[in-house]
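Enquirer: quick check, what structure comes out for this input:
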Amino acid sequence: MPKCYVRLSMKGEKLFFELRMQDGLPSSSDPDIRNRSQTDDGSVEACTADDPAESNWGDWQTFVFSRQPI
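Expert: Residues are numbered from 1 along each chain as shown. I've put the predicted structure just below:
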């Protein structure tokens, strides 16, 4: 189970989905594997996604979704 940071934002009519994955395989002793996944929310000031403590995080990837007229 890789770990990731996810950001969602709306800019005009477009949905921006930003994803940052942790490199490598998780340890079998990782408590997140045995426990139900948690989603953390909080303030922008407390977020560590741009500067995580571990150095094994990949670059941010951005996906942009727009609604097509019907």
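Enquirer: C-alpha from now on. contacts and neighbour counts both.
Expert: Fine.
Enquirer: for F65, what are phi and psi?
Expert: Note on F65: backbone dihedrals following degrees, to the nearest 10 are phi -120, psi 140.
Enquirer: all strands of the chain, in order?
Expert: Secondary structure of the chain by DSSP state E: the strands cover 4-11, 14-21, 61-66.
Enquirer: the last one pairs with which strands?
Expert: Based on DSSP bridges, the pairing partners of strand 61-66 within the sheet are strand 14-21 (antiparallel).
Enquirer: what mean pLDDT does the strand it pairs with have?
Expert: Strand 14-21 shows a mean pLDDT of 93.
Enquirer: contact partners of that strand?
Expert: Residues from elsewhere that reach strand 14-21 (CA atoms under 8 Å, 6 or more residues apart in numbering): 2-10, 57-67.
Enquirer: do that again at 7 Å, thanks
Expert: Residues external to strand 14-21 that are found in contact with it (CA atoms under 7 Å, 6 or more residues apart in numbering): 2-10, 57-66.
Enquirer: now that strand, how far from the chain's geometric center?
Expert: Centroid displacement of strand 14-21 relative to its chain, using CA atoms, centre = their mean, to the nearest Å, is 8 Å.
Enquirer: so can I have CSV of the strands of the chain showing mean neighbour count and distance to P52?
Expert: Putting the strands of the chain into CSV (neighbours: other CA atoms under 10 Å; distance: least, CA to CA, whole Å) gives the following:
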stretch, mean neighbour count, distance to P52
strand 4-11, 12, 10
strand 14-21, 15, 11
strand 61-66, 12, 16
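Enquirer: need those in a markdown table (columns: distance to D51).
Expert: Shown next, in a markdown table, are the strands of the chain (distance: least, CA to CA, whole Å):
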| stretch | distance to D51 |
| --- | --- |
| strand 4-11 | 11 |
| strand 14-21 | 11 |
| strand 61-66 | 15 |
